[in-house]
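[1] pasted the sequence and its predicted model underneath.
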Amino acid sequence: MKKKILVFFDQDIVIRAFYQSGTIKELEKYYDVNYIFPVDETVSKKYINVLPEKIGFKNFEEVSIRRSRMGVWYNYFLANLINNHRGKSTFQTIIDGKVKLEVSKKLYFFLRLVSFPFFIKVYNFILLVILGSNKEIHKILKKHKPCVIIYPTVLSGPFVCELPREAKKLNIKSIFCMNSWDNPMSKAIPNFFPDYLIVWGKDSMQQSIDLLKVPKDRIKCFGAAQFEIYKQKSLLSKTQLKNKFQVPNSKKYILYAGVGESHRETKYLKLLDEAINKNILENCHVIYRPHPWRGRLQDGEENFFGLNFRNITMDPHMIQYYKNEIKNPSRTFFMINYTITRDLLSLVDGVVSPRSTVLLEGTLLGKRSFVIFPEEDHDISWSRENIHFKTFCDLPDVITCFKISNFFKKIRAFNNKLNRKELGKKIIKSSQNIVVNNKLSYGEQLNRLITKIS
């Protein structure tokens, strides 16, 4: 009989990264896997927007977690986040770029006060007493009696504070799998630590030690579950890739990866089009991929299809989503298949973006990166000082543009790198501290860890 494990999901983006990528499915070969999703029937807002059965989940059930309870946990989370960054270079970035944006002025001052070393201990104790145990989670764990629970997570959400505590009471091992490279910077694990935290590489391991205060012996580097696809080369020829993305013949292709705060999108696309028209970017065509979590057109942004670019087309797999979102924004995550992204990155020679994770994905395939984030833009301090983003910008072959006046000079340097095919292997190697490329798959590494601790 197979041992039972429970996997907890609480966000669409994490389901895409860990389930639709095939990583967690790999465990079903070895274990009896049950999936748990949070619900709150007292409010209309959902934790998960996809229907589990429609994307392949079979053995799953729901656990009731009130959003009102999560609101109390979130204040607890923010106070501890401030405390974790106090005295560090990242402190003001967290204050200005996160805490002040998410709570009222009155609550901000209260959280800042209780985040001081002495007060935080008292505050944590009081809130833990008020919240008490999560009886619903405790009931599910007691019912299934899993050998291990796995929680793929952005390190915030309805389970991050509850699961390790309830699992510990029942002597069940817990594993948290970090979803994104910015999680150690912008999140906290303020309650009980899991038995193991799985991170992407050496950089996020050190950030988890410094900023999350997780003990080193509880951290494992497995790489990124959603990037397993990049270990496999595309099966399509260059001609087939061009047909798939409906692009004209060109010597070189560049991907512009959009971001959620899209008000600068039009400005940057116009600059790229002008650079090609002026032959600063030589024989290039740009493929624009909107962010899969964008909304309506923002201030300063124009409808892409009204701009009539000469040298830029949109990824055809995103066209309908883009047209729907700019008219009737759903703000739900568009769960595009990772194979499509892998094929797109296989086609292009370089990636341009303000701060999309696609920049990093490109480096895993040896693609050149151009980070455009001029300091004239109002939220530059948050993006540039975010420790994971700064680490990426410091990689040796990444071109950064932090002043609009420098754009054409910088894009010319990027063009020169596009012409240097020998840089590919060097770029791949330089990304290893951010995303370790282990020979074993992420799923197999998880399997071996579960076997060891259960």
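    Good, I have the coordinates.

[2] look up phi and psi at residue 257.
    Phi and psi for residue 257, reported as degrees, to the nearest 10, are phi -100, psi 120.

[3] leaving out the residues flanking it, which one is nearest to the residue nearest the centre of the chain?
    Centrality entry for the chain: nearest residue to the mean C-alpha point is residue 180, 3.5 Å, by C-alpha atoms, centre = their mean. Once flanking residues are discounted, residue 180 sits nearest to residue 154: 6.1 Å by C-beta to C-beta, 6 or more residues apart in numbering. C-beta here means a position set from N, CA and C on the backbone, and glycine is covered the same way.

[4] who's in contact with that neighbour?
    11, 13, 14, 179, 180, 183, 187 (C-beta atoms under 8 Å, 6 or more residues apart in numbering).

[5] among the residues you listed, which pair sits farthest apart?
    Distance extremes for the contacts of residue 154: the farthest pair is 13 and 187 at 13.8 Å, using C-beta to C-beta.

[6] neighbour-wise, which of the two wins?
    Taking other C-beta atoms under 10 Å, residue 13 and residue 187 do not tie; residue 187 has more neighbours (24 against 16).

[7] pretty sure the more buried one is touching residue 156, no?
    Yes - in this structure residue 187 lies within contact range of residue 156 using C-beta atoms under 8 Å: 5.1 Å.

[8] now list whatever residues contact both of those two.
    Both residue 187 and residue 156 are contacted by residue 77, under the criterion C-beta under 8 Å, 6+ apart.

[9] chain neighbours aside, what residue packs nearest to residue 35?
    Residue nearest to residue 35 in three dimensions, not counting chain neighbours: residue 60, with 4.0 Å by C-beta to C-beta, 6+ apart.

[10] how many neighbouring residues does that neighbour have?
    Under the neighbour criterion other C-beta under 10 Å, residue 60 is assigned a count of 14.

[11] so for it, what's the pLDDT?
    Predicted confidence (pLDDT) at residue 60: the value is 94.

[12] now swap in residue 387 and tell me
    60.

[13] from residue 341, how far off is residue 414?
    Relative to residue 341, residue 414 is positioned 21 Å away (C-beta to C-beta, to the nearest Å).

[14] so residue 5 touches residue 447, yeah?
    No - if you go by C-beta under 8 Å, residue 5 and residue 447 don't touch, sitting 10.0 Å apart.

[15] what strand or helix carries residue 177?
    If you go by DSSP states H and E, residue 177 is part of strand 173-178.

[16] parallel or antiparallel, list what pairs with that strand.
    strand 148-153 (parallel), strand 196-199 (parallel) (DSSP bridges).

[17] quick one, which of those gets closest to residue 319.
    strand 148-153 (29.7 Å).

[18] how far does the closest one sit from the chain's center?
    Chain-centre distance of strand 148-153: 17 Å, with C-alpha atoms, centre = their mean, to the nearest Å.

[19] longest helix in the chain, please.
    helix 67-85 (DSSP state H).

[20] residue 189 and residue 212 touch, don't they?
    Yes - taking contact to mean C-beta under 8 Å, the distance of 5.6 Å between residue 189 and residue 212 places them in contact.

[21] return every residue with contacts to both of these two.
    Shared between the contact lists of residue 189 and residue 212 (criterion: C-beta under 8 Å, 6+ apart) are residues 155, 197.

[22] low-confidence bits of the protein, can you list those?
    Within the chain, the stretches with pLDDT under 70 are 331, 333, 375-388.

[23] now the strands for it?
    Applying DSSP state E to the chain gives strands spanning 4-8, 32-39, 60-64, 148-153, 173-178, 196-199, 219-221, 252-257, 284-289, 312-314, 350-353, 368-372, 398-401.

[24] can you pull the buried residues of the fourth one?
    To tie it back to what came earlier, the one meant is strand 148-153. In terms of neighbour count (16 or more other C-beta atoms under 10 Å), strand 148-153 has its buried residues at 148, 149, 150, 151, 152, 153.

[25] give me the nearest residue to the fourth one, chain neighbours excluded.
    Taking C-beta to C-beta, 6+ apart as the measure, residue 151 lies nearest to residue 8, with 4.6 Å between them; neighbours along the chain are not counted.

[26] residue 31: how many residues sit nearby?
    22.

[27] quick one: contacts for it?
    Residues 2, 3, 4, 5, 450 are the ones in contact with residue 31 under the rule C-beta under 8 Å, 6+ apart.

[28] my guess is the second one meets residue 27, correct?
    Same thing as residue 3. No - Residue 3 sits out of contact with residue 27 when judged by C-beta under 8 Å, with a separation of 10.5 Å.

[29] quick one, which of those two is more surrounded?
    Counting neighbours by other C-beta under 10 Å for residue 3 and for residue 27 shows that residue 27 has the greater number, 19 against 14.

[30] so how far is residue 10 from that one?
    Taking C-beta to C-beta as the criterion, residue 27 is separated from residue 10 by 18 Å.

[31] how's the chain carved up into domains?
    Residue ranges for the structural domains of the chain, counted by automatic domain parsing, are given in the record as 4-65+134-224+438-453, 69-129, 238-430.

[32] tabulate the ones you listed in a markdown table, adding columns for distance to residue 231.
    Below are these laid out as a markdown table (distance: least, C-beta to C-beta, whole Å):
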| stretch | distance to residue 231 |
| --- | --- |
| domain 4-65+134-224+438-453 | 8 |
| domain 69-129 | 32 |
| domain 238-430 | 9 |
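
[33] one step back: check whether the residue nearest to residue 35 really touches residue 36, as I assumed.
    Yes - taking C-beta under 8 Å as the definition, residue 60 is a contact partner of residue 36 at 7.0 Å.
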